[in-house]
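A.B. asks: need a structure here:
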Amino acid sequence: MKLISFVLACLVCSVCQGQLSANPVRKISAARTNGKIIVDGEMKEPVWKTAPLATDFVEWRPTYGHVEEEKNKTEIRILYDNTGIYIGGYAHEISKDSISRELVGRDVVGVNDFVGVIFDTYQDKINGFGYYVTSLGEQYDAKYSSNGEDDTWNSVFTSAAKIVEDGWTFEMHIPYSAIRFSNTKVQDWGINITRRRSKSGKQLMWNPVDPTVGGSFLAQFGTWTGIQDIKPPVRLSISPYLSTYVNNYPYNTPGVKNTNTSVNGGVDIKYGITQAFTLDMTLVPDFGQVQSDNKVLNLTPFEVRYNENRSFFTEGTELFSKGNLFYSRRIGGQPLHYGSVENELKAGESIAKNPTETSLLNASKISGRTASGLGIGFFNAITNAQYATIEMNGKETRRVETSPLTNYNILVLDQSLKNNSSISFINTNVTRAGTDYDANVTAGTWDLYTKGNKWNFYGKMAVSQLIGYKADGKNKNGYSHTMVLAKSSGRFQFQFTQAFADHKYDHNDMGFFTNNNYLDNTLWASYRWLKPQNWYNRINLNFNFGTSTMVKPWKHQNIWLNTNANAQLKNLWSLGASISVNPAQNDFYEARVGGKVFLRPGNWSVGGWIESNNAKQYSVWSQFYNRTSNQYGTNGQDLRLGNQFRFNKRLTISAEAYIERRKNNMGYATVYNADSIVFGRRNRTTVENTLTVKYNFNNKMGISLRGRHYWSKVKYQEYYRLQEDGRLKSIPGGITDNVNYNVNYFNIDMVYTWQFAKGSFINIVWKNAISSFDNEVETDYFKNLGNTLSAAQQNSLSLRVIYFLDYLSFKKKG
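C.D. replies: Modelled structure (predicted):
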C-alpha cells in the first residue's frame, strides 16, 4: 500500500503541475454574422466569404503528419449568430468519382466520406460533442468522454450536402439547444475538424492529433477563440409517440386468442434545467420495435451478456458507465423469482403464465457538467410488480409474485482534472417493495495522467451491500478493487492490472456480474509500427499474460498467455494472427456447486483473420481458429466467412456464416441420483447464418431486413462422475437422462423508417421469431432448418409515430 500511495502522490503532483504537451495549438477566430443563411449545402451566401477559414488539414492516419495535397484540399468556414453555429465546407477531390458514398441512414457512417466538427465547450480535454455530415447529406452525431465515443447520443441539427465536379460541399446549422456550454460573456472552445476520404483510406485533422500520445484525442484540439454574447437557450423538447401492434402466435388453445392487438402512447421529454444540465424522461415507454437479441445456447455457468438496444438506456449514458457498475438490461429484465415459481406449486397445479420480463413504468436521468468540470448524473427507473399465473384443471387459481415493485437509481459525480485526468464517485441502489432484499454499491474511481500523457494510473474501490439478504436484518457486505498502472504514450506501451473481489462482493442487482472471490493480475504490452512502409500502413504487436487465484480459500485458478499481431496493408486490407496458451487449471465454477473443483486440462489455440477494403463495391472477411486440448482428445475449430456487395448508393446486401465445432469437449451435464455431479464428453456444432439487406430511398427514408438463424446441437458420448479431488470417473453404462440439445433461434427484423420532419419519425416493423428446443439431435442442416420453419412462429407487425416538438420553434412561430 505504501508503494501505491507513493505512485498516486507522484501522479497527482504531476497532474496538478500543468497542461498537456502536444503539437502547437491552432486557433480560429469566432466571427458573428447577421446575415441569413439557408442550409442547402451550396454556400452561396456572400457572408461565407468573410468567415474565418480552417484549412491545411494534417493526415491522422495512416501516415501521421502529412499535410493534405492541394488537389484534395479541405476548406472549412465557421460563423455563429444568436441561434447557433454555422459550418460550411468544400471537400476537394480530383473528380466526383473519388468520393465514396452510400445511403445508410442517420447515425451510421458506412463507407461514406464525411466531415465532422467536434467541440470541447468547457476545454476540459475530456468531454466533447461531435456533429458529422456525409457527402450525401446524412447525419451522424456523438458525445465524447473518458469512456470514448458514445454514438447513441442524439441531437437535432440541420445539414445538407451537394456533390460537385471536383468534390462536395456542405452546410450545417447546430442550434445552441443541441450543445451544452457555459453562460460566460466571452468564451474560448476547444475545436477540431476531421475529414475522411474513404477510398484512399485517409482521415485528416485540422489540428494535428499524434496517435502516439495517450489519453483522449480531445487533448490535442485547437481553439475557437473570442465567442461573445451567446446565451444557452431554453432547452425543452417533447416527443410524444403513438404505437399500435398486431401480434400472432398459434396457441391453438380454447379461450386463448391467437391474434391480439394493442395501442400504446407515451412521451419522451428533454428539458434543460440549466445551461449545463438536462433532464431526460420517458413516460410509459414502448420498446417493442427494438432489434431482436442474438440468443444462443449457453452451456457455461455464467449469464450471457446481451446488447442494450433500447435507445433511452444507451443515449447519453457515459456518466453512468463510470466504474462499470451499470448493466441497463437489469431494468425491465427477468423477474427476481422467475426460476422459483415451480417450487410454489401445490399438488395438481401448473404454471399457466410466467412472464420473462418486468414492466417498466417510467425512467428519467439528469446529467451535465459545470464550467468547473464537475459532471453530475442521476438516473432513476421504476418497474411494476410482476406475477406468474397458476392454474389447476385449466382454470386460473392464483397468482404468485415473481418480482416486487422496484426502484433503481444511480448517482455519479465526476470531476475533470488537468492532463486529461478525472476522479469519480458512483452509487447504485436497488430498492424493492416488501420483504425482498435491497442492494447498494458505492465506488470511487480515479484516472490520472502525467504531463504529456506518458503514464496513467487508474483505480477503482467499491463496496457492495445486500440489505436483508436471505433473512431480515442480515446484510451481506463485500469489497472489490481494480488498480492499473500503464505507459500510455509512445510506440511501446504496457499496462499492469490487479483486480480483486472478496467472497461477499456482489453488484449483480444493477450491474453485470459473474463471480467474486478472486485476485487477478494481468500484464499487457504492445509495440506499434505507425509509419507506413513499402507494404503496410501500420502493424500492432500485442502480448497478454495473466494469473487468477481464488482468495478464500487461497487456491490457484488459472494462467493464460496470448500474443497477437494485426496490420493494415497498403491496399487497405487488414489481417491478424493470434496464439493462446492456457495451462491446466482449477475450475471452481463448471460444477455449479460451491466447494467443488474440476481439473480442466490445458489447451492452446492458433488462428487468424483477414478483411478486404470495405470501401470497395465488394468486400469479404474471414476468420479461422483451431483449438486443441491436452486430454480427452478435445479439439475444435471456429470459422467465420462474410461478404458484402453494394449494388449502388441505395442497395447493399451482406451475408455472414459462422461455424463452431467442438469434438470431445468436456463439461457439466446434469445432477444424477440427487447428489452426483455428472460431466460429459460431448460433440457440439453451432451454425449461425445472418443476412442483411438495406435499401435507402433517400437520406430521410429507408428499409432494412435482418434475418438470423442460429442452430446448436450437442450430443454426449460418455458420462463421468466428478470426484472430490476434481478428477472425473467414467460411469459404466452412462445415465438414463437425455441431456442432448438441439436448439434453434430464427429471427427476422424488417424495419421501414421515414424521418418526415426534424427529429420526427415513422417506423413500421415486422418481427418474426421462432424458438425450438429438443433433446433429439438432428444431423442434417436443411432438414433441421425445415423443421424450424414449420414450428410455431411469433409474428408482430407494428406502427410507431414519434413527433419532435421544440419549445424554441413554437416561440419563434409565436
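A.B. asks: got the contact list for the one residue sitting closest to the centre of the chain?
C.D. replies: Nearest to the geometric centre of the chain sits residue 307, at 6.7 Å (Cα atoms, centre = their mean). Each residue near residue 307 by Cβ atoms under 8 Å, 6 or more residues apart in numbering is listed here: 293-294. Using the backbone N, CA and C atoms, a C-beta is placed for each residue, glycine as well.
A.B. asks: So for the nearest residue to residue 632 once chain neighbours are set aside, what's the pLDDT?
C.D. replies: Leaving aside its sequence neighbours, residue 632 sits nearest to residue 664 (Cβ to Cβ, 6 or more residues apart in numbering; 5.0 Å). Residue 664 is assigned a pLDDT of 95 by the prediction.
A.B. asks: The residue nearest to the centre of the chain should be in a strand, yeah?
C.D. replies: No. Checked against DSSP: H, G, I helix; E, B strand; the rest coil, residue 307 lies outside a strand; its state is coil.
A.B. asks: if we can go back for a sec, sec struct for the residue nearest to residue 632, please.
C.D. replies: Strictly by three-state DSSP, residue 664 counts as strand.
A.B. asks: these two touch, right, it and residue 631?
C.D. replies: No. Using Cβ atoms under 8 Å, residue 664 is not in contact with residue 631, being 9.2 Å away.
A.B. asks: Of the two, which one has the most company?
C.D. replies: residue 664 (17 against 14; other Cβ atoms under 10 Å).
A.B. asks: Now do the contacts for that one.
C.D. replies: 629, 632-635, 681-683, 717.
A.B. asks: three-state assignment of the closest residue in space to residue 353 that isn't next to it in sequence?
C.D. replies: Leaving aside its sequence neighbours, residue 353 sits nearest to residue 389 (Cβ to Cβ, 6+ apart; 4.1 Å). Here residue 389 is strand, with the state taken from three-state DSSP.
A.B. asks: In contact with residue 389, which residues?
C.D. replies: 351-354, 396, 399.
A.B. asks: Spatially nearest residue to residue 214 (excluding sequence neighbours)?
C.D. replies: residue 488 is the one closest to residue 214 (Cβ to Cβ, 6+ apart), at 2.9 Å.
A.B. asks: Tell me, how many residues neighbour the one you found?
C.D. replies: Around residue 488 there are 20 residues (other Cβ under 10 Å).
A.B. asks: isn't it right next to residue 219, touching?
C.D. replies: No. If you go by Cβ under 8 Å, residue 488 and residue 219 don't touch, sitting 11.4 Å apart.
A.B. asks: what is in contact with those two at once?
C.D. replies: Contacts common to residue 488 and residue 219, judged by Cβ under 8 Å, 6+ apart, are residue 453.
A.B. asks: ranges for the helices of the protein?
C.D. replies: All helices of the chain, identified by DSSP state H, fall at 2-17, 781-789, 807-813.
A.B. asks: Which one of the ones you listed has the poorest average confidence?
C.D. replies: helix 2-17 (a mean of 38).
A.B. asks: and stretch 209-224, which residues are buried?
C.D. replies: 209-211, 213-224 (16 or more other Cβ atoms under 10 Å).
A.B. asks: which of these sit farthest apart?
C.D. replies: Within the buried residues of stretch 209-224, 214 and 224 form the most distant pair, 24.7 Å apart (Cβ to Cβ).
A.B. asks: Residue 555 and residue 59, how far apart?
C.D. replies: 53 Å (Cβ to Cβ, to the nearest Å).
A.B. asks: Same question for residue 553.
C.D. replies: 56 Å.
A.B. asks: Kindly report the same for residue 99.
C.D. replies: According to Cβ to Cβ, residue 99 and residue 59 sit 18 Å apart.
A.B. asks: How about residue 332?
C.D. replies: Taking Cβ to Cβ, one finds residue 332 at 46 Å from residue 59.
A.B. asks: Looking at these two, which is more packed in?
C.D. replies: residue 332 (21 against 18).
A.B. asks: So the more buried one is in contact with residue 361, correct?
C.D. replies: No. Contact status for residue 332 versus residue 361: not in contact, 9.7 Å apart, counting by Cβ under 8 Å.
A.B. asks: Spell out which residues are contacts of both of these two.
C.D. replies: Common neighbours of residue 332 and residue 361 (Cβ under 8 Å, 6+ apart) are residue 383.
A.B. asks: residues touching the residue lying closest to residue 145 once chain neighbours are set aside, list them.
C.D. replies: Nearest non-adjacent residue to residue 145, counting by Cβ to Cβ, 6+ apart: residue 318, 4.1 Å away. Residues in contact with residue 318 (Cβ under 8 Å, 6+ apart) are 143, 145, 147, 150.
A.B. asks: what's the pLDDT at the second one?
C.D. replies: Confidence at residue 145, expressed as pLDDT, is 85.
A.B. asks: who's it bridged to?
C.D. replies: Note on residue 145: beta-bridge partners by DSSP bridges are residue 148.
A.B. asks: how much space between it and residue 321?
C.D. replies: Residue 145 sits 8 Å away from residue 321, going by Cβ to Cβ.
A.B. asks: Over to the first one?
C.D. replies: Using Cβ to Cβ, we find residue 143 at a distance of 12 Å from residue 321.
A.B. asks: who's more crowded, these two?
C.D. replies: It is residue 143, of residue 143 and residue 321, that has more neighbours when counted by other Cβ under 10 Å, with 23 against 18.
A.B. asks: Just give the nearest non-adjacent residue to that one, would you?
C.D. replies: Spatially, and ignoring its direct neighbours in sequence, residue 143 is nearest to residue 153 (3.8 Å; Cβ to Cβ, 6+ apart).
A.B. asks: ok, the one you found touching residue 141?
C.D. replies: Yes. Counting by Cβ under 8 Å, residue 153 touches residue 141, with 6.5 Å between them.
A.B. asks: out of the two, which sits in the more crowded spot?
C.D. replies: Using other Cβ under 10 Å, the more surrounded residue of residue 153 and residue 141 is residue 141, with 22 against 19.
A.B. asks: Pretty sure residue 152 is one of the things that one touches, is it not?
C.D. replies: No. In this structure residue 141 lies outside contact range of residue 152 using Cβ under 8 Å: 9.9 Å.
A.B. asks: Overlap in contacts, these two.
C.D. replies: residue 107.
A.B. asks: From the contacts of residue 664, list the buried ones, please.
C.D. replies: Here, 16+ other Cβ under 10 Å leaves 629, 632, 634-635, 681-683 buried among those.
A.B. asks: Just grab the bridge partners of residue 618 for me.
C.D. replies: Counting by DSSP bridges, the residues bridging with residue 618 are residue 645.
A.B. asks: now residue 429: how far from residue 381?
C.D. replies: For residue 429, the distance to residue 381 - Cβ to Cβ - is 11 Å.
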